[in-house]
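[1] Pasting the sequence and the predicted coordinates here, then a few questions.
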Amino acid sequence: MRTRSLLIAALPVVALLCGALVWAALRSAPEPPWVEQLQGKILRLDQRTPGDLGVYIKHLGDDGELDHQAGRYWYLASAVKVPVAIATLQRVDEGVWPLNQRLALRNEDKVDGSGGLAWQDPGSEYDLKTLLEEMLQRSDSTAADMLINRIGEDELNRRIASSMADQGFGYITSLLRVRHELYRELHPDAANLSNRDIIQLASAPLGRERVRALARTLDVDLSELRADNLKQAYQRYYARRLNAATLRAYGGMLEKLARGHLLSRANTDLLLDLMGLDEYHAYRLEAGLGKDVPFAQKTGTQFERACHMGIIDPKSEQPIVIAACVEGAGQEQAAQTLETLGSLVSDTLLH
């Protein structure tokens, strides 16, 4: 009887040990051959091109995972618009908002950047689907801010942390706040710039002319600014990790999207379509992958920063998640680096 009791008492321990052994075996399982092959190619690409390259790739068919500087934070720029879209469609799935819910454009929504909504009259109305399309396909920052302001920054970040990525994302802000935080690195009064001020400042070329325009707008002397060039302001802003994430965290979010863990089937398909699944622009990663490769994607561009994130063949049984960024290089060079990366991925994984 005592022996039987001891055996029963030992069962949980045995189960834990077995589980640990299985987990260890899984973790020690060799990576698919493509991982090492592609890792070497990416390392050589990074070494021979200007700036720094970060890459995260996960093949959802064989669970192979590639990490090249994917654990550090990278500034996302307009790639933040994908989690904004996910948060919006989650509210639709929850029955809080219908997809045809109309939002009225306000002056406080307007911000410079791609797209044309900033030039429309206040009071103009757009449904959620149209705003998602403008934000994702034309990267319209005013459309993005209309959605972010509707969701709320804190709620957006709560959703990112609770469902999209439990760690690895910095705080995501409105696109207007991006400008405020950047210009505050030059002068604290920039926090009070109006939307009109922000849009007008964007007409001044990047560099000293933009700095001078900011000083005139704030009615301060150039000597009162905290830096004499915009590059210093950007570097300080980037260091704060606002609107940044690790590529591993961003890739994990895309994996959840591809697996249908974030949205209903209908809204997953809608989002993938809005991310240009059936379109081809021959730009960055997409140019290297080739026009016959289905690719749901979003780019991001800022001063000395360029990203391209997406899911290759997302509606297949074996989609591939890729998140890649370049920093410290000019836009043309960054685009070429990402195009070359796309070619390496295509040659190694798709042929």
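    Right, received. Where do you want to start? Residues are numbered from 1 along each chain as shown.
[2] What ranges does the stretch 251-351 of the chain have for its helices?
    265-274, 285-289, 331-345 (DSSP state H, counting those that start in this stretch).
[3] let me redo that: the stretch 51-200 of the chain
    81-93, 128-137, 141-151, 153-159, 175-184, 195-201.
[4] Among these, which comes closest to Leu117?
    Across those, Leu117 has its closest neighbour in helix 141-151 (3.9 Å, Cβ to Cβ). (C-beta placed from N, C-alpha, C; glycine too.)
[5] What mean pLDDT does the closest one get?
    Per-residue pLDDT over helix 141-151 has a mean of 98.
[6] And stretch 57-64, by the same measure?
    On average, stretch 57-64 scores 98.
[7] what does stretch 161-175 give?
    Rounded mean pLDDT across stretch 161-175 is 97.
[8] Could you tell me the end-to-end distance of it?
    Terminal residues of stretch 161-175 lie 20 Å apart, using Cα to Cα, to the nearest Å.
[9] ok, residues contacting it?
    When contacts are defined by Cβ atoms under 8 Å, 6 or more residues apart in numbering, stretch 161-175 is touched by residues 73, 80, 83-84, 86, 90, 111, 113, 141-142, 144-145, 148-149, 153, 156-157, 160, 181, 240-246, 248-250, 252-253, 256, 262.
[10] one step back: closest one to Leu45 among the helices of the stretch 51-200 of the chain?
    Nearest of the helices of the stretch 51-200 of the chain (Cβ to Cβ): helix 81-93, 24.7 Å.
[11] got the CA positions of the closest one in PDB?
    Extracted as PDB, the C-alpha positions of helix 81-93 are listed here (Å, rounded to 0.1, in the frame of the first residue of the first chain):
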ATOM      1  CA  LYS A  81      -0.300  51.100 -39.200                       C
ATOM      2  CA  VAL A  82      -0.800  47.300 -39.200                       C
ATOM      3  CA  PRO A  83      -1.400  47.000 -35.400                       C
ATOM      4  CA  VAL A  84      -3.700  50.100 -35.800                       C
ATOM      5  CA  ALA A  85      -5.700  48.200 -38.400                       C
ATOM      6  CA  ILE A  86      -5.800  45.000 -36.300                       C
ATOM      7  CA  ALA A  87      -7.000  46.900 -33.300                       C
ATOM      8  CA  THR A  88      -9.700  48.600 -35.500                       C
ATOM      9  CA  LEU A  89     -10.900  45.300 -36.900                       C
ATOM     10  CA  GLN A  90     -10.900  43.700 -33.400                       C
ATOM     11  CA  ARG A  91     -13.500  46.300 -32.400                       C
ATOM     12  CA  VAL A  92     -15.500  45.300 -35.500                       C
ATOM     13  CA  ASP A  93     -15.300  41.600 -34.600                       C
END
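[12] How many neighbouring residues does the residue nearest to Ser114 when sequence neighbours are not counted have?
    Nearest non-adjacent residue to Ser114, counting by Cβ to Cβ, 6 or more residues apart in numbering: Ser139, 4.2 Å away. Residues lying near Ser139 (other Cβ atoms under 10 Å) number 20.
[13] Gly123 now?
    9.
[14] Kindly report the same for Pro83.
    Neighbours of Pro83 (other Cβ under 10 Å): 24.
[15] how close does it get to Val293?
    24 Å (Cβ to Cβ, to the nearest Å).
[16] swap in Ser264?
    Distance from Ser264 to Val293, by Cβ to Cβ: 26 Å.
[17] thinking again about what came up before, drop anything exposed from the contacts of stretch 161-175.
    Burial by neighbour count, 16 or more other Cβ atoms under 10 Å: within the contacts of stretch 161-175 this picks out 73, 80, 83-84, 86, 90, 111, 113, 141-142, 144-145, 148, 156-157, 160, 181, 242-246, 248-250, 252-253, 256, 262.
[18] how close does the residue nearest the centre of the chain sit to Ala204?
    Geometric centre of the chain, nearest residue: Ala79, 3.2 Å, by Cα atoms, centre = their mean. For Ala79, the distance to Ala204 equals 25 Å [Cβ to Cβ].
[19] Same check on Asp112?
    11 Å.
[20] Arg216 now?
    9 Å.
[21] rewinding a little: any idea which of the helices of the stretch 251-351 of the chain is most buried?
    helix 285-289 (a mean of 23; mean count of other Cβ atoms under 10 Å).
[22] what does that helix contact?
    Contacts for helix 285-289 (Cβ under 8 Å, 6+ apart): 280-281, 295, 297, 308, 310, 312, 322, 324, 338-346, 350.
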